[in-house]
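Colleague: how would this look folded up:
(4 chains)
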2 protein chains.
Amino acid sequence: MALPRLTKLELQVMDALWSRGALSVREIQEAFPEKDRPAYTTVQTMVYRLEGKKAIRRLKKIGNAHIFEASISRNAAQRRLIDDLLSFFGGSPQPVVAHLVETGKLTLDDVQEAEQLIRKLSKKEKPR
Amino acid sequence: MALPRLTKLELQVMDALWSRGALSVREIQEAFPEKDRPAYTTVQTMVYRLEGKKAIRRLKKIGNAHIFEASISRNAAQRRLIDDLLSFFGGSPQPVVAHLVETGKLTLDDVQEAEQLIRKLSKKEKPR
DNA sequence: ACGAAGCTCCTACACGTGTAGTAGATATCA
DNA sequence: TGATATCTACTACACGTGTAGGAGCTTCGT
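Modeller: Numbers count the residues shown, from 1 in each chain, chains lettered A, B, ... in the order given. You can find the predicted model right below:
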């Protein structure tokens, strides 16, 4: 269970912790958009489950409230999501990119930026 | 419910239909890798649920067996999967591409191919 | 025409997820 | 210090998903 699978709602909780740092349950709840904000105890349940999955941990206690922090990085979680998607495409990323291009979500600029990134990375990796 | 959300197992069933055409439940089951192949009735349940979701339909009857065919295209389903993923990234594809690049899944060749595709598509779209 | 083999339809159940209530502990304010 | 607000811990439940069994209808071979 190195990288647990996180659901949509769980990811929203993680998102609060990733972008705002260590928080209490209340603060996490308040990080939800006011429109359709789950009940306090709903958030609490998610927090407990994330704790069970070792995705977050109790950092300290302030007053009677526990403060939680993410123990999985946003990057790791994102990688997991993408890998899951890729597995449906036989692990190959080309169809995904092709789709993004065909639906116009990926522009020429985006692709060229990606190209720059590849070149930059290969410069850092190879010369050793 | 234009494009229902399909689960992993449901997608495997769809996959059989997409790649082999109209099939009976038995044929779908046999399309699963021999290693870890679900019970006949498990596949049958998936087929019924997919029917409920209007993702497949009964095409005809051969002997006492129904023959099913996909009523959702592979492309549409894939688009749905990708859109779901993107929604986590705020709808923006760049982070996804960046991830693919950083984890070495997307090579320079892949990106250049994508670039070609964009140019080809824009030639077909714009001149009108 | 009868039995074996196969298929359909219904039912069941455990686990994960989203949703939330309640009881009791704890802290805070006047 | 007593009332009020807040938090924790536990419990509950419906729905989706993966998994499959069983009863009964259908077909096919002999």
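
Colleague: got the phi/psi numbers for the residue nearest to residue A:86 when sequence neighbours are not counted?
Modeller: Nearest in space to residue A:86, with sequence neighbours left out and distances taken as C-beta to C-beta, 6 or more residues apart in numbering or on different chains, is residue A:93 at 6.1 Å. Every C-beta, even on glycine, is put in place using the N, C-alpha and C of the backbone. The phi/psi pair for residue A:93 (degrees, to the nearest 10) reads phi -80, psi -20.

Colleague: show me what contacts residue A:93?
Modeller: Applying C-beta atoms under 8 Å, 6 or more residues apart in numbering or on different chains, we find residue A:93 in contact with A:86, B:100, B:105-106, B:110.

Colleague: Export the residues you listed to CSV and append columns for distance to residue A:33, pLDDT and secondary structure.
Modeller: Rendered in CSV, the data for those read as follows (distance: C-beta to C-beta, whole Å; pLDDT from 0 to 100; DSSP: H, G, I helix; E, B strand; the rest coil):
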residue, distance to residue A:33, pLDDT, secondary structure
A:86, 30, 94, helix
B:100, 29, 94, helix
B:105, 33, 91, coil
B:106, 33, 93, coil
B:110, 36, 94, helix
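
Colleague: of all those, which comes closest to DNA strand D?
Modeller: Within the contacts of residue A:93, the smallest distance to DNA strand D is 17.2 Å, found for residue A:86 (C-beta to the nearest atom of the strand).

Colleague: How many neighbouring residues does that closest one have?
Modeller: Residue A:86: 18 surrounding residues under other C-beta atoms under 10 Å in any protein chain shown.

Colleague: Also near DNA strand C: which of the contacts of residue A:93, exactly?
Modeller: The subset of the contacts of residue A:93 within reach of DNA strand C, by C-beta under 7 Å from any atom of the strand, is empty.

Colleague: Adding distance to residue A:71 as columns, could you present these in JSON lines?
Modeller: Shown next, in JSON lines, are the contacts of residue A:93 (distance: C-beta to C-beta, whole Å):
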{"residue": "A:86", "distance to residue A:71": "25"}
{"residue": "B:100", "distance to residue A:71": "25"}
{"residue": "B:105", "distance to residue A:71": "26"}
{"residue": "B:106", "distance to residue A:71": "29"}
{"residue": "B:110", "distance to residue A:71": "33"}
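
Colleague: Filter those residues down to the buried ones and hand me the PyMOL line.
Modeller: Only the buried entries of the contacts of residue A:93 go into this PyMOL selection, using 16 or more other C-beta atoms under 10 Å in any protein chain shown:
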select buried, (chain A and resi 86) or (chain B and resi 100+105+106+110)
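
Colleague: list the helices and strands the worst-scoring helix or strand of chain A on mean pLDDT packs on?
Modeller: Lowest on mean pLDDT, DSSP states H and E among the helices and strands of chain A sits helix A:108-125, with a mean of 89. The helices and strands touching helix A:108-125, judged by 3 or more C-beta pairs under 8 Å, 6 or more residues apart in numbering or on different chains; DSSP states H and E, are helix B:94-102, helix B:108-125.
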